[in-house]
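Trainee: how would this look folded up:
(one chain, ligands or ions: 2)
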Amino acid sequence: MTSPAMKLVVVGASGRMGQTLIRVISETEGAVLHAAIDRPESPVLGKDAGELAGVGTLGVPVTDDPLKAFVDAEGVLDFTVPAASVEYAGLAAQARIVHVIGTTGFSEDDETQIKAAARHARIIKSGNMSLGVNLLGELVKQAAAALSAKGWDIEVLEMHHRHKVDAPSGTALLLGEAAAEGRGISLKENAVKVRDGHTGPREEGTIGFATLRGGSVVGEHSVLLAGEGETVSLSHKATDRSIFARGAVQAALWGRAEKPGLYSMLDVLGLSKTH
Ligand SMILES: NC(=O)C1=CN([C@@H]2O[C@H](COP(=O)(O)OP(=O)(O)OC[C@H]3O[C@@H](n4cnc5c(N)ncnc54)[C@H](OP(=O)(O)O)[C@@H]3O)[C@@H](O)[C@H]2O)C=CC1
Ligand SMILES: O=C(O)C1=N[C@H](C(=O)O)C[C@H](O)C1
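Mentor: Ligands and ions are numbered 1, 2, ... in the order given. Below you'll find the predicted structure:
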């Protein structure tokens, strides 16, 4: 017997990802839009979420009351801002529902609070929900392990649209973590996120980041492994935000059957060693 469609709440409904999520949910068998939430000051409150996202009337008005929305829901899809995601994680824990977090730019304190919420909520969190980037992360891990001898320098390059507010991107950090794992080192202790002025020569074993912003670029990432006389380059280019939204809906459906905990897209995609 097939289970009824999973009731999903989209928070940040007016955002670039919020609208893409509403569209993708409307096209996904097994998922249904239960509620759409935005900030109390948002001009879209009261508007139909489907009309807002260009998929026709869905009979779901945008509200600013997450608590009420979460009570009867089974999952929340959250691509908003760190402060809001931390708050939603607490509410999802109270409601015992699945919380898919795509938001990026968290502080260490935010991460601690999300981990605490995952004692009761099923949280799936990733800096990038696409299949391609998560596969790329695994390839980067392998390449970093294979090219771990001295003389191979790792640099992560990213470009995004002019509206993006955090840097390096969540994806760049995910790829940096993958490279660090391949090397058996800590990213936190070896990352170089900014270079300016007389920096001196590159420090052996560091992982560098470079950030570009402009135009409407959805998301482009490259990991360069630069050696003496040769460079290996591993890249991903996103041209459509629906790749992230499809991954998020897939994550929510997967999380429905899981125990409370903090999971990543590697768990959802079966690429995790521990799952
Ligand atoms: N993990 C992944 O695969 C991906 C992650 N992202 C990340 O998702 C996040 C959002 O990206 P994007 O959609 O481009 O950004 P937008 O700015 O377009 O959307 C963010 C939305 O969140 C809303 N918002 C802000 N505060 C609250 C709140 N307290 N409660 C409810 N809603 C709130 C904003 O409303 P308002 O505009 O009124 O402030 C806006 O509608 C970013 O962190 C981005 O990096 C993006 C794509 C893929
Ligand atoms: O802000 C964005 O747009 C994106 N954010 C995510 C990130 O920080 O990596 C994922 C994707 O690249 C788009």
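Trainee: please report phi then psi for the residue nearest to residue 130 when sequence neighbours are not counted.
Mentor: Residue nearest to residue 130 in three dimensions, not counting chain neighbours: residue 243, with 4.2 Å by Cβ to Cβ, 6 or more residues apart in numbering. Just so you know, the C-beta spots here come from the backbone N, C-alpha and C atoms, and that holds for glycine as well. Phi and psi for residue 243, reported as degrees, to the nearest 10, are phi -60, psi -40.
Trainee: count the residues that sit near residue 243.
Mentor: 21 (other Cβ atoms under 10 Å).
Trainee: tell me which parts of this structure are close to ligand 2?
Mentor: 104, 127, 128, 160, 164, 169, 170, 171, 219, 238 (Cβ under 6 Å from any ligand atom).
Trainee: helix, strand or coil for the fifth one?
Mentor: It refers to residue 164. coil (DSSP: H, G, I helix; E, B strand; the rest coil).
Trainee: circling back to that earlier point, so the residue nearest to residue 130 sits right up against residue 135, yeah?
Mentor: No. Between residue 243 and residue 135 there is no contact under Cβ atoms under 8 Å: 12.0 Å.
Trainee: residue of this structure nearest ligand 1, please.
Mentor: Shortest the chain-to-ligand 1 distance, computed as Cβ to the nearest ligand atom: residue-wise this is residue 15, at 2.2 Å.
Trainee: now residue 70, nearest residue through space, not along the chain?
Mentor: According to Cβ to Cβ, 6+ apart, the nearest residue to residue 70 is residue 95 (4.1 Å).
Trainee: likewise for residue 259?
Mentor: residue 122 (7.1 Å).
Trainee: and that neighbour, how many neighbours does it have?
Mentor: Neighbours of residue 122 under the rule other Cβ under 10 Å: 25.
Trainee: would you mind measuring from it to residue 47?
Mentor: 30 Å (Cβ to Cβ, to the nearest Å).
Trainee: try residue 169
Mentor: 30 Å.
Trainee: contact partners for the residue nearest to residue 130?
Mentor: If a contact means Cβ atoms under 8 Å, 6 or more residues apart in numbering, then residue 243 has 129, 130, 131, 132 as its contacts.
Trainee: filter those down to the ones in strands?
Mentor: Assignment to strands by DSSP state E places none of these there.
Trainee: per-residue confidence for residue 18?
Mentor: Note for residue 18: predicted pLDDT of 98.
Trainee: separation between it and residue 38?
Mentor: For residue 18 relative to residue 38 (Cβ to Cβ), the value is 8 Å.
Trainee: between those two, which contacts overlap?
Mentor: What both residue 18 and residue 38 touch, as defined by Cβ under 8 Å, 6+ apart, is the set 11, 12.
Trainee: what's the neighbour count on the spatially closest residue to residue 30 that is not a sequence neighbour?
Mentor: Nearest non-adjacent residue to residue 30, counting by Cβ to Cβ, 6+ apart: residue 5, 5.6 Å away. Per other Cβ under 10 Å, the neighbour tally for residue 5 reads 16.
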